[in-house]
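1. Based on what follows, work out the 3D shape:
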Amino acid sequence: MTIPQTSPRLAYLAQREEIDAAIARVLASDRYILGVEVEGFEREFAERAGTTYAIGVANGTDALHLALRACGITRGDVVVTVANTAVATAAAIEMAGATVAFVDVDEETLTMSPDSLRSFLRRTDGCRAVVPVHLYGRSAAMEEILSIAREHDIAVVEDCAQAHGAERNGKKVASFGDVAAFSFYPTKNLGAIGDGGAVTTSRDSIANEIRLLRQYGWQARDDSIEPGFNSRLDEMQAAILRVKLRRLDQDNARRRQIAASYSAALSPIVRTPPGDPGHVYHQYVIRTDRRDELQGALRDAGITTLVHYPTPIHLQRAYTGRVLLPEQGVPITERESRRILSLPMFPQMTDEQVAMVCEAIVRFTES
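-> Numbers count the residues shown, from 1 in each chain. A predicted model of the protein is given here:
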């Protein structure tokens, strides 16, 4: 038996009849861009996110880019985030014309360290926004980050690309900051069959600006009142997402079950994620000093794993020397990038497959 790290195909098959019906409905509608399916999804997703508005866009990178622009971020500004994230986070900041700055992460959660953020902001001029990343499905320490941001009068843009349905202390991610960005890449907890994204906010001015920016700055067709872009969620993906949204809570509950099984079996032998009832486990990430050996052994056993993310962004060639860092660097980010390993995690995993993964890791540690 081969166990994939994730499987969008199985997610489709689990709701095949409903998804196929949604696709057929769109094909028969004669309206394929910004129609009733997008409007319906935006309404339903905003309710799920705990915000007043959701605005569908083409992908998660665009969602973050447009969210930053709607907060007034422009050339010459500095935007602070973390380096142990998808490169899309940094790319979106640069798309807005801003300079990327990285702070370190908390050793336990691997999300943005409030202490590192506080120290950096005290020493750096020109910071206009902070982008906390809700990594692997776990919320960043939003109460502290918000407090620090308010002290410095900077915007808070939540990167929720990996955190559909996640919460912190009973409050939904995306409802903390000024605005939030989601990706619906096929492997996400809420994944399209293709690309897609959304911006969520409860601020009227930001929602209005996102609607302008996503379609050429149009207030009405062929009436651009400001420069804009072409970043629209299409009707097909919106219809599919509406179907899959209805199952999100169920799928996240299954992810938590799988995570609990992993933790029970593996916590004595590798470092497992700390418990958190709001975590939705987009990834289940263990840490070990023998990461590469373990990954090879699991591959030989037919178990696919991935590393999210092997090279922190500031060490990638495109960004080396072009980003801002704290005086002491980001040592936790760099050290842990060499220890992290993402185990198979998707709602359609069977208990037998989970047990096989655990048994293979136990055998490796005993060898």
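
2. domain ranges for the chain?
-> According to automatic domain parsing, the chain comprises the domains 8-245, 248-366.

3. The first one: how far from the chain's middle?
-> Yep, that's domain 8-245 we're talking about. 8 Å (CA atoms, centre = their mean, to the nearest Å).

4. same question, stretch 300-312
-> 18 Å.

5. List every C-alpha atom in it, with coordinates, as PDB.
-> C-alpha atoms of stretch 300-312 as PDB (Å, rounded to 0.1, in the frame of the first residue of the first chain):
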ATOM      1  CA  ASP A 300      11.100   3.000   1.200                       C
ATOM      2  CA  ALA A 301       8.000   1.900   3.100                       C
ATOM      3  CA  GLY A 302       5.700   3.500   0.500                       C
ATOM      4  CA  ILE A 303       4.800   6.500   2.700                       C
ATOM      5  CA  THR A 304       5.100  10.000   1.100                       C
ATOM      6  CA  THR A 305       6.100  12.900   3.200                       C
ATOM      7  CA  LEU A 306       7.000  16.500   2.400                       C
ATOM      8  CA  VAL A 307       8.900  19.400   4.100                       C
ATOM      9  CA  HIS A 308       7.000  22.600   4.500                       C
ATOM     10  CA  TYR A 309       9.300  24.500   4.100                       C
ATOM     11  CA  PRO A 310      12.900  23.300   3.600                       C
ATOM     12  CA  THR A 311      14.600  26.700   2.900                       C
ATOM     13  CA  PRO A 312      13.500  29.800   4.800                       C
END
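
6. Would you mark the buried spots in stretch 83-101?
-> Within stretch 83-101, the residues that count as buried by 16 or more other CB atoms under 10 Å are 83-86, 88-96, 98-101. Any C-beta I mention is one placed from the backbone N, CA and C, and that applies to glycine too.

7. Mind checking which of those residues are in helices?
-> 88-95 (DSSP state H).

8. just the strands in the protein please.
-> 53-57, 78-82, 99-103, 127-130, 155-159, 167-168, 171-172, 179-183, 197-201, 218-220, 223-224, 284-287, 340-343 (DSSP state E).

9. The fourth one - contacts with which helices or strands?
-> So the one you mean is strand 127-130. Judged by 3 or more CB pairs under 8 Å, 6 or more residues apart in numbering; DSSP states H and E, the packing partners of strand 127-130 are strand 78-82, helix 114-123, helix 142-152, strand 155-159.

10. same thing but at 7 Å, please
-> Judged by 3 or more CB pairs under 7 Å, 6 or more residues apart in numbering; DSSP states H and E, strand 127-130 is in contact with strand 78-82, helix 142-152, strand 155-159.

11. With the second one instead?
-> If you count contacts as 3+ CB pairs under 7 Å, 6+ apart, strand 78-82 packs onto helix 87-95, strand 99-103, strand 127-130.

12. and the shortest one, what's its mean pLDDT?
-> Per-residue pLDDT values across strand 127-130 average out to 98.

13. what's that strand in contact with?
-> 68, 71, 73, 77-80, 117, 121, 145, 149, 152, 154-157 (CB atoms under 7 Å, 6 or more residues apart in numbering).

14. redo that, cut-off 8 Å
-> Contact with strand 127-130 is made by 68, 71-73, 77-81, 98, 101, 112, 117, 120-121, 145, 148-149, 152, 154-157, as judged by CB atoms under 8 Å, 6 or more residues apart in numbering.

15. swap in the first one?
-> In this structure, residues lying in contact with helix 87-95 by CB under 8 Å, 6+ apart are 60-62, 64-65, 68, 73, 79, 81-82, 99-100, 131, 133, 159, 161, 181, 183, 313, 316, 318-319, 323.

16. Of the residues you listed, select the buried ones using a PyMOL command.
-> This is the PyMOL syntax for the buried subset of the contacts of helix 87-95, where burial follows 16+ other CB under 10 Å:
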select buried, resi 60+61+62+64+65+68+73+79+81+82+99+100+131+133+159+161+181+183+313+319+323
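
17. just to revisit the earlier point, tell me which of the domains of the chain sits nearest to Met1.
-> Met1 lies closest to domain 248-366 among the domains of the chain, at 6.3 Å (CB to CB).

18. Format the CA atom coordinates belonging to stretch 268-275 as CSV.
-> C-alpha atoms of stretch 268-275 as CSV (Å, rounded to 0.1, in the frame of the first residue of the first chain):
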residue,chain,number,x,y,z
PRO,A,268,7.4,9.7,23.1
ILE,A,269,9.9,9.4,20.2
VAL,A,270,9.8,12.6,18.1
ARG,A,271,8.7,16.2,18.7
THR,A,272,5.0,16.4,17.8
PRO,A,273,2.8,19.6,17.5
PRO,A,274,1.6,21.0,20.8
GLY,A,275,-2.1,20.4,21.5
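
19. Looking at the helices and strands packed on strand 127-130, spot the one closest to Asp292.
-> Of these, nearest to Asp292 by CB to CB is strand 78-82, at 23.3 Å.

20. Just the mean pLDDT for the closest one, thanks.
-> Strand 78-82 carries an average pLDDT of 98.

21. Same check on stretch 65-74?
-> Taken as a whole, stretch 65-74 has a mean pLDDT of 98.

22. Could you pull out the buried residues of that stretch?
-> In stretch 65-74, counting by 16+ other CB under 10 Å, buried: 65-71, 73.

23. okay if I get the helices and strands packed on strand 78-82 as CSV plus distance to Phe176?
-> Shown next, in CSV, are those (distance: least, CB to CB, whole Å):
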stretch, distance to Phe176
helix 87-95, 17
strand 99-103, 18
strand 127-130, 12
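
24. List the beta-bridge partners for the nearest residue to Ala161 once chain neighbours are set aside.
-> Nearest residue to Ala161, sequence neighbours excluded (CB to CB, 6 or more residues apart in numbering): Ser183, at 3.9 Å. Using DSSP bridges, the bridge partners assigned to Ser183 are Gly197.

25. who's in contact with Thr305?
-> Shown in contact with Thr305 (CB under 8 Å, 6+ apart): 5, 295, 298-299, 341-344.
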